[in-house]
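Undergrad: Sharing a model that was predicted from the sequence below.
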Amino acid sequence: MREETEITIKQAAPEFLAKKRIAVTGVSREPQTHAANAVYQRLRDRGYRDSFAVRRGSARW
């Protein structure tokens, strides 16, 4: 029998944010309409210079 362990966001966040590169999906060219844009910008503002915006249908931002 496999034991399942639930982890909270508060527990998972430090490990996730310790990564050197983070990709944010769902980023739009219309920043006021998508929450992903705010997440991406906040990461960049906080020093995550190797974070990447991922947009569907775009080879380049």
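TA: In hand now; what should we look at?
Undergrad: Outside of the longest helix along the chain itself, list whatever touches it.
TA: The longest helix of the chain (DSSP state H) is helix 35-45. With contact meaning C-beta atoms under 8 Å, 6 or more residues apart in numbering, helix 35-45 is reached by 22, 24, 25, 26, 27, 28, 31, 51, 53. Just so you know, the C-beta spots here come from the backbone N, C-alpha and C atoms, and that holds for glycine as well.
Undergrad: Pull out the buried positions in that helix.
TA: If you call a residue buried by 16 or more other C-beta atoms under 10 Å, then helix 35-45 has these buried ones: 36, 37, 39, 40, 43.
Undergrad: quick check: mean pLDDT across that helix?
TA: Average pLDDT, helix 35-45: 92.
Undergrad: cool, stretch 14-30 as well?
TA: In this model, stretch 14-30 carries a mean pLDDT of 89.
Undergrad: what's the first-to-last distance across that stretch?
TA: 29 Å (C-alpha to C-alpha, to the nearest Å).
Undergrad: Doesn't residue 52 belong to a strand?
TA: Yes - assessed with DSSP: H, G, I helix; E, B strand; the rest coil, residue 52 lies in a strand.
Undergrad: was I right about it contacting residue 20?
TA: No - Residue 52 lies out of contact with residue 20 (C-beta atoms under 8 Å); the separation is 11.6 Å.
Undergrad: What secondary structure category should be reported for residue 24?
TA: Strictly by three-state DSSP, residue 24 counts as strand.
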